[in-house]
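Trainee: Sharing a model that was predicted from the sequence below.
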Amino acid sequence: MHIPPADPSRVRIYLDAAPWDFRPRNTDWRYVRHLLPRLMEWQPDLDLVLQTSTKITLLSNYKAIRMAIGRRVGMPLALESRETDELDAHELHRSGCKAVFSHRGYPTNAGNIPVIWQSSILDPVMTRSYHGGDTHTQLAENELRHQLFRRATVVQVSTVSEAIRLSKTYPELAGKFTPIPFFLPDLSAAPAELLERHDTPEKIHLLFVGNEAWRKGLDILLAAFLQLPDPIRHHSHLTVISNFDDRRFAIPNNECITVLHGASHIEVMKQMRRAHVLVNVARFESYGFIFPEAMSQGVACIGPQWEVQRELLDNGRAGMNVPCDVAQLQVALEQLIEDDALRLTLASAGHTRFQQKFSPAVVAVQYAEMFRRFA
């Protein structure tokens with residue numbers, strides 16, 4: 001593919017993401033390849049150049065396949081190989097780009113060109129809960145990530161809380177950690193009138209969305225929902241949207257539960273507009289696009305009590321954060337099903353928070369300011 005010549009009046013950034021990926025639901029790849037380039041719709045002085053190298057595409061997919069097979073047979077890829085990648089140095093030079101943005105492994109051969117690395121060490125409390133104690137492997141991963149943070153010009157993280165934690169852990173690198181939420185160009189805030197659906201509805205519509213249903217805590221939700229007192233449960237309806245990619249388990253045959261398989265993003269957003277409460281108490285969640293999506297549509301959110309999701313829901317002011325626990329989730333469900341005023345308060349706060357913190361126009365400005373500093 002031909003890379004157009006550089007326009008000196010524009011900020012030119014090289015986006016490190018292969019043209020195709022063998023994993024169809026690779027969110028990170030889709031983000032850099034398909035969503036970030038649309039920053040140019042909001043910030044016309046940006047010139048974001050997508051990687052086109054056949055060599056890097058083949059290497060990237062070969063590495064991903066090796067990692068997938070290695071996990072299955074118990075022979076994982078070496079740590080440094082997992083955490084680092086290469087660029088096509090010739091293509092990068094021809095592109096005329098002044099900086100590289102990467103969400104893959106750290107690009108070790110960028111030379112003197114500034115590297116903006118979107119990366120983090122995730123909430124250690126969540127990681128220990130999901131993967132077990134601080135093993136030797138986890139400590140080694142953190143140390144290698146620390147070394148790569150040193151090499152990066154900027155380390156972009158998704159929340160202020162991550163930036164604060166990492167700055168305290170690595171004080172000598174504190175100036176590198178730059179918090180910017182994920183850019184979601186197709187999201188816009190629903191009209192405020194849509195919040196009126198919270199005013200004494202006949203039924204409260206609960207919504208679960210997540211293809212990795214076990215990781216996202218669907219079993220916890222189902223147990224909590226079925227334990228609700230009959231009058232409360234019959235005043236609500238749970239819609240489950242999932243392909244059950246990580247684990248299949250029986251969904252109770254219950255008139256209050258509907259399951260949708262293979263729903264498109266358009267269908268998900270349609271369900272959002274009629275839902276009153278989104279429930280996702282994930283065992284492990286690095287971010288959760290579903291939360292700003294729900295907030296944008298005036299849905300009251302119940303999210304997990306991990307670091308990032310606490311910040312997304314403004315520490316309980318724009319949603320509820322609940323541990324991955326059936327009893328505590330049951331209490332939260334009862335509150336939001338029974339209390340119209342509380343549900344409306346949280347939904348309204350989330351709707352406002354989306355517009356102020358997560359809307360495409362707001363996030364695009366933050367990306368543009370970061371790019372201009374180094375290009």
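Mentor: Alright, I've got the coordinates.

Trainee: Confirm that Tyr130 lies within a helix, as I assumed.
Mentor: Yes. Counting by DSSP: H, G, I helix; E, B strand; the rest coil, Tyr130 is found in a helix.

Trainee: Apart from its chain neighbours, what residue comes closest to it?
Mentor: The shortest distance from Tyr130 to any non-neighbouring residue, by Cβ to Cβ, 6 or more residues apart in numbering, is to Phe284 (4.2 Å). (C-beta placed from N, C-alpha, C; glycine too.)

Trainee: can you count the residues close to that neighbour?
Mentor: 18 (other Cβ atoms under 10 Å).

Trainee: For stretch 334-353, list every residue counted as buried.
Mentor: By 16 or more other Cβ atoms under 10 Å, the buried positions in stretch 334-353 come out as 334, 336-337, 343-344, 346-351, 353.

Trainee: Actually, stretch 306-324.
Mentor: For stretch 306-324, by 16+ other Cβ under 10 Å, it's 306-314, 318-322, 324.

Trainee: quick one: which of those sit in strands?
Mentor: Among the buried residues of stretch 306-324, the residues falling in strands (DSSP state E) are 320-321.

Trainee: Among the buried residues of stretch 306-324, which are located in helices?
Mentor: 307-312 (DSSP state H).

Trainee: which one of the residues you listed sits closest to Gln297?
Mentor: Leu312 (14.9 Å; Cβ to Cβ).

Trainee: Would you agree that closest one is in contact with Phe289?
Mentor: No. If you go by Cβ atoms under 8 Å, Leu312 and Phe289 don't touch, sitting 10.1 Å apart.

Trainee: hang on, Leu194 packs against Ala275?
Mentor: No. Between Leu194 and Ala275 there is no contact, the gap being 10.8 Å when judged by Cβ under 8 Å.

Trainee: Compare these two and say which one has the larger neighbour count.
Mentor: For Leu194 and Ala275, the more surrounded residue by other Cβ under 10 Å is Ala275, and the numbers stand at 24 against 17.

Trainee: and the nearest residue to that one once chain neighbours are set aside, how many neighbours does it have?
Mentor: Leaving aside its chain neighbours, Ala275 sits nearest to Leu207 (4.0 Å; criterion: Cβ to Cβ, 6+ apart). By other Cβ under 10 Å, 23 other residues sit near Leu207.

Trainee: is it true that Leu207 lies in a strand?
Mentor: Yes. The assignment for Leu207 by three-state DSSP puts it in a strand.

Trainee: List the contacts of it.
Mentor: By Cβ atoms under 8 Å, 6 or more residues apart in numbering, the residues touching Leu207 are 238-239, 241, 271-272, 275, 277-279, 294, 299.

Trainee: Let's see that with 10 Å instead.
Mentor: By Cβ atoms under 10 Å, 6 or more residues apart in numbering, the residues touching Leu207 are 237-241, 268, 271-272, 274-280, 290, 294, 299, 301.

Trainee: Now do the shared contacts for Leu194 and Ala275.
Mentor: Common neighbours of Leu194 and Ala275, using Cβ under 10 Å, 6+ apart, are 297-299, 347.

Trainee: any idea which of those has the most stuff around it?
Mentor: Ranking the shared contacts of Leu194 and Ala275 using other Cβ under 10 Å puts Val299 first, with 32 neighbours.

Trainee: Any chance you could list what contacts the longest helix along the chain?
Mentor: If you go by DSSP H, the chain has its longest helix at helix 54-73. Helix 54-73 has contacts (Cβ under 10 Å, 6+ apart) with 1, 16-23, 26, 29, 51, 53, 75-78, 81-82, 85-88, 90-92, 104-105, 107.

Trainee: Okay, and which of those map to helices?
Mentor: Short answer: the contacts of helix 54-73 in helices (DSSP H) are 29, 81-82, 90-92.

Trainee: Pull out the buried members of the residues you listed.
Mentor: 29, 82, 91-92.

Trainee: Need the max-distance pair from these.
Mentor: Arg82 and Glu91 (23.5 Å).

Trainee: re earlier: if we take the ones in helices among the buried residues of stretch 306-324, which one ends up nearest to Asn112?
Mentor: Val308 (32.9 Å).

Trainee: in whatever helix or strand Leu39 lives in, what's buried?
Mentor: Per DSSP states H and E: Leu39 is located in helix 39-42. Across helix 39-42, burial judged by 16+ other Cβ under 10 Å covers 39, 42.

Trainee: low pLDDT regions in the protein?
Mentor: Along the chain, the parts satisfying pLDDT under 70 run over 1-6, 133-134.

Trainee: quick check: domain ranges of the protein?
Mentor: Domains of the chain are assigned by automatic domain parsing as 11-185+360-374, 192-358.

Trainee: for the residue nearest to Ile180 when sequence neighbours are not counted, what are its contacts?
Mentor: Excluding its sequence neighbours, the residue lying closest to Ile180 (Cβ to Cβ, 6+ apart) is Gln366, at 4.6 Å. Contacts for Gln366 (Cβ under 10 Å, 6+ apart) come out as 156, 178-181, 183.
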